[in-house]
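**Student:** Need a 3D model of the following:
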Amino acid sequence: MKESVTVFIIFLVVVGGLPVHVWGQPPDLAQEEAEYRHALQYIQQHRKNNVTLTILDQTSHPISNANVSYQQTSHDFIFGIFGSTWAVPEYDDMDSWALYSNLCSANSEVELDWEMWATIEPSNGTFQWNSADWWFQRIINYCPSARFVLMFDDLACCGHKVSSWTGISNLSDPIVFGKFRQYLHDYVYQVVKRYSDRVDWWITENELNAPPASDTLGSMGKEIDVDHTVVQAIRDANSDSRIILMAGLYPHYEANQQLEFADPIDFARQALAGGIQIDGVSVEAYPIQFGGQIRTPIFYQWYTRNMARLLHTPVFVQETGYPSQPCEACGGGGGTNTWATAWNRVFTEPAQASWVKYMTTDMFGTEGVIGIVNFPYHTPTSSSLFRDFGLFTADGHAKQAYYTLLNQIQMFTTSGNTSTNRQGVIMFRGFAGNYTISVPGYESATIHVSEQGNNTFILKFKELSISTVHMITSVYTSLSTATSSATAIITQTAAPPLLKNALNVTLLIAVGVLGLTVIVLIFRKRNKPIVSELSQEKP
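**Tutor:** Numbering: from 1, shown residues only. The predicted structure follows:
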C-alpha cells in the first residue's frame, strides 16, 4: 500500500522540523517545539482511525486486484479561516481572493462574524436579505465548496449592531429586556432558516462576558439569558443544528485575578448549570498577558484541555492570530506593543509563521478540541487591532504563515492508492472526514471516516458506460494533443529557462483543471450520479 501526502515547499523557518534560529524569530522556542512533537504523536495515535473497504461490483462480486485511490475531501476537525466583512479582501482584489480561495479549497471552514441584525431587520418584522445573501455568495463565488461556521456578533467588541427599535439602550427594564429576547429569537430563527443548508456550526453571541456587551446587559445572568434565547431560536429553526457557546473573551483563570469580565470556564459552567443545550464551547487565543502569565500556544493547549475536561464539552478556538510586524497605532493604548506581549514582542513574519504552526498543531493534538480559526487577510485599515494578523496582504502578498497553514492542513489530509486483494478488500489509516473512493472504470463513491468507532464499509460500484468511457478518453486525447503543441511552442521561445518551466507547470495545472471540469460536466449532462450506491455495514 502506498500513501501520499501533499507537502508544500516553504521557507525552512516554518517547516515541521526544528525551527531555524534566524533574525526575527522569537528566542528559545525549544519548549514550544517539544510540545509540538508531543502533539504530532497524539495526532497519529488518536486523530487517525483504521478504515476497511470491501469493493464490490453491482452484482455483489468482489473487484479483485483493482487499483483503488482514496482522497480526503473534508475534515471533521475545523481548520477554519475568517470570512467576516472586515476580514476578507475587497471585492475586486483578484490576487488576494486567489490566495483566500486556496485556503478555503484546502478543506477549511469559513467562520462568519455575523454583525447583520440592523441590516437584515431595520424595523420589527421587516427582513431584507440582499446584503446578507450577497455576503455569502461573495465567498461562494471564490470557493464553491465552502462550508460555514456562523457566529452571531451583534452586541460585542466593536459597538452593538442592533437597531434602536429593539430597546437595546434600556435593557435594565425587565419588560424591555423580555421583549428584546423575543425580538432576538425571531431574528436568529429567520437567519438559521435561511442559511442552515450552508452552515455546519452556529456560535452564540460573541464576547458577552466583556464590555461593551456586559455593560449593555448589566449582569452575567442576562448574558446567559441572551445565549439561552439564541440557542432556543437555533433549535426551533433546525433541531439538527450543532451549536457552540461563545464562552468569553481572554482566559485568565487566576484565582486572585480581579477583572471586569468572567473567565470563559466560569461563564460556560454557569450557562451549563442553567440548562443550556450546546454541542461545544469556544474561546479566543491571542498572544496576551494576564497576572504575569504569558499566553503562548503551550498555555492555550493547557487551558483548552482543562476546559474540555472540566465542562465535559468539546472546545473550539474561534479566533487566533499573531502580528507579522509591530504597530503602535493599532487598537489604541500603545498598539500591538502593549497588548500582544508573548514571545518578547517579536513581531515578524517568521514569528507569525511559528505561531500558526504551533497553535494549529497543538490544538489538533489536544484532546477535546474540535477546531481553530486563523485570520487569513491582512486588514488594510491602519488603525485596526488586527491589521497585521492576516496570512496575506491586501496586495496579494502571501506571508510565510500562509504557507505554514496550508502545509499544516495538508499534513493532516489523507490520500493514497492501493490494490484490492482477492476478496476486494483494502485497508488504510486516515483522518476523520469525507473521502472520495475511485476505481478505474467505475463511478466514484463517497464515505465518511469517523475519528472513533468502526469504519468498515461495503461499497457497490457502478461501471461506467462504454459511451462515457469513450467521451472521457476523447477529452483527454484532445487535451494531451493541445498540451504537446503548447509545450512545443513554449520550448521554442526565447524566454529564460525559469520562465519556461513556470509556463509549463501553469499549463499542466490548467489542463488538469479543464479536464476534470469537462468530465464532471459529462456526468451531469448524462444525469448519472457521480456518487455510487453505498452501504455501511458493521461486522
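**Student:** contact partners of the top strand by length along the chain?
**Tutor:** Secondary structure assigned by DSSP state E gives strand 48-56 as the longest strand of the chain. The contact list for strand 48-56 (C-beta atoms under 8 Å, 6 or more residues apart in numbering) reads 62-63, 66, 68, 70, 414, 420, 423-432, 437, 439, 447, 449-453, 455-461. Backbone N, C-alpha and C define where each C-beta goes, glycine included.
**Student:** next one: stretch 295-315
**Tutor:** 31-32, 35, 39, 247, 251, 253, 264-265, 268-269, 272, 278-283, 285-289, 293, 317, 320, 342-343, 355, 358-359, 362-363, 365-370.
**Student:** List the buried residues in it.
**Tutor:** For stretch 295-315, the neighbour count (16 or more other C-beta atoms under 10 Å) marks 295-305, 307-308, 311, 313-315 as buried.
**Student:** Restricted to buried residues, select the contacts of strand 48-56 in ChimeraX.
**Tutor:** A single ChimeraX command selects the buried members of the contacts of strand 48-56 (16+ other C-beta under 10 Å):
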select :62,63,66,68,70,414,420,424,426,428,430,431,432,437,439,447,449,455,456,457,458,459,460,461
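**Student:** Which of the contacts of strand 48-56 fall within strands?
**Tutor:** Per DSSP E, strands hold the following members of the contacts of strand 48-56: 68, 70, 425-431, 437, 447, 449, 456-460.
**Student:** Identify the residue spatially nearest to residue 413, adjacent ones excluded.
**Tutor:** Excluding its sequence neighbours, the residue lying closest to residue 413 (C-beta to C-beta, 6 or more residues apart in numbering) is residue 72, at 5.0 Å.
**Student:** Tell me what the one you found is bridged to.
**Tutor:** Residue 72 has the following beta-bridge partners by DSSP bridges: residue 435.
**Student:** okay but it is in contact with residue 428, surely?
**Tutor:** No. At 10.6 Å, residue 72 does not count as touching residue 428 under the criterion of C-beta atoms under 8 Å.
**Student:** Mutual contacts of the two, please.
**Tutor:** With C-beta under 8 Å, 6+ apart, residue 72 and residue 428 have common neighbours residue 414.
**Student:** in the chain, which spans are helices?
**Tutor:** 30-42, 94-105, 117-120, 130-142, 174-195, 213-217, 220-237, 264-273, 297-311, 336-339, 349-364, 400-411, 466-492, 497-525 (DSSP state H).
**Student:** Return the member of those having the minimum mean pLDDT.
**Tutor:** Least confidently modelled of those is helix 497-525, at a mean of 57 by mean pLDDT.
**Student:** Compute the number of surrounding residues for residue 215.
**Tutor:** Other residues within reach of residue 215, judged by other C-beta atoms under 10 Å, total 9.
**Student:** That one and residue 434, how far apart?
**Tutor:** 44 Å (C-beta to C-beta, to the nearest Å).
**Student:** now residue 357
**Tutor:** Residue 357 is 26 Å from residue 434, by C-beta to C-beta.
**Student:** Settle it for me: which of these two has more neighbours?
**Tutor:** residue 357 (26 against 15).
**Student:** my guess is the more buried one meets residue 35, correct?
**Tutor:** No. Using C-beta under 8 Å, residue 357 is not in contact with residue 35; the gap is 11.5 Å.
**Student:** Over the longest strand of the chain, what's the mean pLDDT, rounded is fine.
**Tutor:** For strand 48-56, the per-residue pLDDT averages 97.
**Student:** what's across from the residue sitting nearest the centre point of the chain in the sheet?
**Tutor:** Among the residues of the chain, residue 80 comes closest to the average C-alpha position under C-alpha atoms, centre = their mean, at 1.7 Å. With DSSP bridges applied, residue 80 shows beta-bridge pairing to residue 109, residue 373.
**Student:** shift numbering so it begins at 7
**Tutor:** Fine by me, first position is 7 from now on; the one you just mentioned is residue 86.
**Student:** check contacts around it.
**Tutor:** Counting by C-beta under 8 Å, 6+ apart, residue 86 makes contact with 114-117, 155, 377-380.
**Student:** Apply 6 Å and report the result again.
**Tutor:** If a contact means C-beta atoms under 6 Å, 6 or more residues apart in numbering, then residue 86 has 115, 117, 377, 379 as its contacts.
**Student:** for residue 415, same thing?
**Tutor:** Counting by C-beta under 6 Å, 6+ apart, residue 415 makes contact with 85, 112.
**Student:** count of neighbours near residue 204?
**Tutor:** When counting by other C-beta under 10 Å, one arrives at 15 neighbours for residue 204.
**Student:** Looking at the closest residue to it other than its chain neighbours now. What's its pLDDT?
**Tutor:** Nearest residue to residue 204 in three dimensions, chain neighbours excluded: residue 154, at 5.4 Å (C-beta to C-beta, 6+ apart). Looking at residue 154, its pLDDT reads 93.
**Student:** circling back to that earlier point, and the residue nearest to residue 419, what's its pLDDT?
**Tutor:** If you check residue 78, the pLDDT there is 96.
**Student:** What count of nearby residues applies to the nearest residue to residue 105 once chain neighbours are set aside?
**Tutor:** Among residues not flanking residue 105 along the chain, residue 398 sits closest, at 4.6 Å (C-beta to C-beta, 6+ apart). Counted with other C-beta under 10 Å, residues neighbouring residue 398 total 23.
**Student:** who are the neighbours in contact with residue 398?
**Tutor:** Neighbouring residues of residue 398 by C-beta under 6 Å, 6+ apart: 105, 404, 408.
**Student:** who wins for neighbours among those?
**Tutor:** Ranked by neighbours (other C-beta under 10 Å), the contacts of residue 398 are led by residue 408, which has 27 neighbours.
**Student:** Name the nearest residue to that one, ignoring sequence neighbours.
**Tutor:** Closest residue in space to residue 408, ignoring its immediate chain neighbours: residue 397 at 4.0 Å, by C-beta to C-beta, 6+ apart.
**Student:** Help me confirm that that neighbour comes into contact with residue 410.
**Tutor:** No. Contact criterion C-beta atoms under 6 Å: residue 397 and residue 410 do not qualify, at 8.2 Å.
**Student:** related to what we said a few turns ago, generate a markdown table for the helices of the chain, with distance to residue 55 as supplementary columns.
**Tutor:** Converted to a markdown table, the helices of the chain look like this (distance: least, C-beta to C-beta, whole Å):
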| stretch | distance to residue 55 |
| --- | --- |
| helix 36-48 | 14 |
| helix 100-111 | 24 |
| helix 123-126 | 41 |
| helix 136-148 | 31 |
| helix 180-201 | 31 |
| helix 219-223 | 40 |
| helix 226-243 | 30 |
| helix 270-279 | 29 |
| helix 303-317 | 20 |
| helix 342-345 | 41 |
| helix 355-370 | 15 |
| helix 406-417 | 17 |
| helix 472-498 | 33 |
| helix 503-531 | 29 |
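**Student:** and residue 173, which of these is closest to it?
**Tutor:** Nearest of the helices of the chain to residue 173, taken as C-beta to C-beta: helix 180-201 at 4.1 Å.
**Student:** quick one, that closest one and helix 226-243 angle?
**Tutor:** On the basis of axes from the mean of the first three to the mean of the last three C-alpha atoms, to 10 degrees, helix 180-201 is oriented at 40 degrees to helix 226-243.
**Student:** ok, so what distance separates residue 41 from residue 47?
**Tutor:** 11 Å.
**Student:** Which one of the two is surrounded by more residues?
**Tutor:** Per other C-beta under 10 Å, whichever of residue 41 and residue 47 has more neighbours is residue 41, with 21 against 10.
**Student:** contacting residues for that one?
**Tutor:** Shown in contact with residue 41 (C-beta under 6 Å, 6+ apart): residue 304.
**Student:** Next: residue 284.
**Tutor:** 249, 251.
**Student:** now do 7 Å
**Tutor:** By C-beta atoms under 7 Å, 6 or more residues apart in numbering, the contact list for residue 284 reads 237, 249-251.
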